[in-house]
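A.B. asks: give me coordinates for this.
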Amino acid sequence: MIPNIVVEEKESDQPFSACGEYNRRLNRMEDNIAKAVKKGATDFQVNRWYGEARHVFTNDQRDEKTYNKLTKDLCVIVPSHRHQRPWIRACMQGVSKLGFFSILAYDNPYKPSMMKMNPATLLPPNDVMTLFDHISLKPKTFHSGVTIPHLWNMLFAVNQAYVLGFDYIFCINGDFIMEKPGNFPKIRELMGDADIFPIMWNPNRSMCGTAAFIAKTEPQLLFWRDFAKNLMKPQGNAEARMGRYYKDNGLKVFHDNPGPLAHQMPQPKSTWYKLLGLRHLHAEHKVRRWEKRDPVEEKYFDKRYFIGNEKNTLGKYWETGKKEFLEKWWSIPRRRG
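C.D. replies: All right, here's what the predicted structure looks like:
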């Protein structure tokens, strides 16, 4: 396995420390200031030099947080695409609390068929993008359905995790949230020495949930490469291929009260739900409307991305609390996405 990256101090072999680097620079700067003052430096110049030093320290602190994440054994991969933008912010609010290096594996929006559109408008907004430590954009792909783009997202993101030296990955789709991210260590503890702990597992059908799982990085790397190699063979979707790969190769799968593959709504008996509060918001959003139920909580929805006429129905309901707008939301015809 590739060793983790450790950033060293400029003038020593110790791990990088923002405070240590700041003090080193500050001492050198103060010596230079003392010489400059003797030559007639103004108060304005001295204050500006100290201000610049503080600015450097602040930036180094920010970088140090990222460097420290590179020394951990796990990183988080969030595969996503433009139709999940209403939920990515809520997803990342939980992921950010875990304190691990995060990779957004985003479906590439730069396609010739969209040249009349601004591809930048198909990306998450700046305040969401900055929540991630790294952005991975797969190559342009043109296959139909969700399986092939997901393969490319994961192929590139898992390879990146491997190159950076992470022994484990935690994958969570961009339209999922964790209501109790503080319990993540309990999920890892349950996993033990297994090769993967998925949200769903059916050994009888060799089906493995790909929407959320913790896994050792190297078997994942080999699986997605195998998937790409056998891309055009009729071997089923990602769930079927992953389940069969882990079973056929004798890899250890841990599962404990897994939820069903069709995880549209919270599953109270699922270990992932009980411990992490794991929820599939995009699916909930549709099912709640179809079944004429209350919508997903307002705090989880990014209102910059209302779907269809929801701004004038669901948006008005959240704004006014009037049930007439909720009923109009219920009456919106079913659509894909």
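A.B. asks: for the residue most central in space within the chain, helix, strand, or coil?
C.D. replies: The residue lying closest to the centre of the chain (CA atoms, centre = their mean) is Val78, at 3.0 Å. With DSSP: H, G, I helix; E, B strand; the rest coil as the basis, Val78 sits in strand.
A.B. asks: Cys171 versus that one, what's the distance?
C.D. replies: For Val78, the distance to Cys171 (CB to CB, to the nearest Å) stands at 8 Å. No exception for glycine: its C-beta is placed from N, CA and C like everyone else's.
A.B. asks: now do Gln14
C.D. replies: Gln14 is 34 Å from Cys171, by CB to CB.
A.B. asks: more neighbours: which of those two?
C.D. replies: Cys171 (28 against 10; other CB atoms under 10 Å).
A.B. asks: my guess is Ile148 meets Thr141, correct?
C.D. replies: Yes. Contact status for Ile148 versus Thr141: in contact at 6.0 Å, counting by CB atoms under 8 Å.
A.B. asks: the two - which one has more neighbours?
C.D. replies: Counted by other CB under 10 Å, Ile148 and Thr141 do not tie: Ile148 has more neighbours, with 18 against 13.
A.B. asks: for stretch 44-52, what is the distance to the chain centroid?
C.D. replies: 40 Å (CA atoms, centre = their mean, to the nearest Å).
A.B. asks: hmm, who's touching that stretch?
C.D. replies: Met29, Ile33, Ala36, Val37 (CB atoms under 8 Å, 6 or more residues apart in numbering).
A.B. asks: quick check: buried residues in it?
C.D. replies: Residues Trp49 are the ones in stretch 44-52 that count as buried (16 or more other CB atoms under 10 Å).
A.B. asks: circling back: the residue nearest to the centre of the chain contacts Gly174, correct?
C.D. replies: Yes. The criterion here is CB under 8 Å, and Val78 meets it with Gly174 at 5.2 Å.
A.B. asks: quick check: mean pLDDT across the helix or strand encompassing Trp272?
C.D. replies: In this structure, Trp272 is located in helix 271-276 according to DSSP states H and E. Helix 271-276 shows a mean pLDDT of 90.
A.B. asks: ok, back up a step: find residues that contact each of Val78 and Gly174.
C.D. replies: Ile88, Cys91, Leu104.
A.B. asks: ok so, going back, and the helix holding Trp272, C-alpha only, in CSV?
C.D. replies: Taking C-alpha atoms only, helix 271-276 is exported to CSV below (Å, rounded to 0.1, in the frame of the first residue of the first chain):
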residue,chain,number,x,y,z
THR,A,271,-27.8,-0.6,11.7
TRP,A,272,-26.8,2.2,9.4
TYR,A,273,-30.0,4.1,10.3
LYS,A,274,-29.9,3.4,14.0
LEU,A,275,-26.2,4.4,14.4
LEU,A,276,-25.7,7.1,11.8
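A.B. asks: which other helices and strands contact it?
C.D. replies: Using 3 or more CB pairs under 8 Å, 6 or more residues apart in numbering; DSSP states H and E as the contact test, the elements touching helix 271-276 are helix 184-191.
A.B. asks: right, I'll call it a day here.
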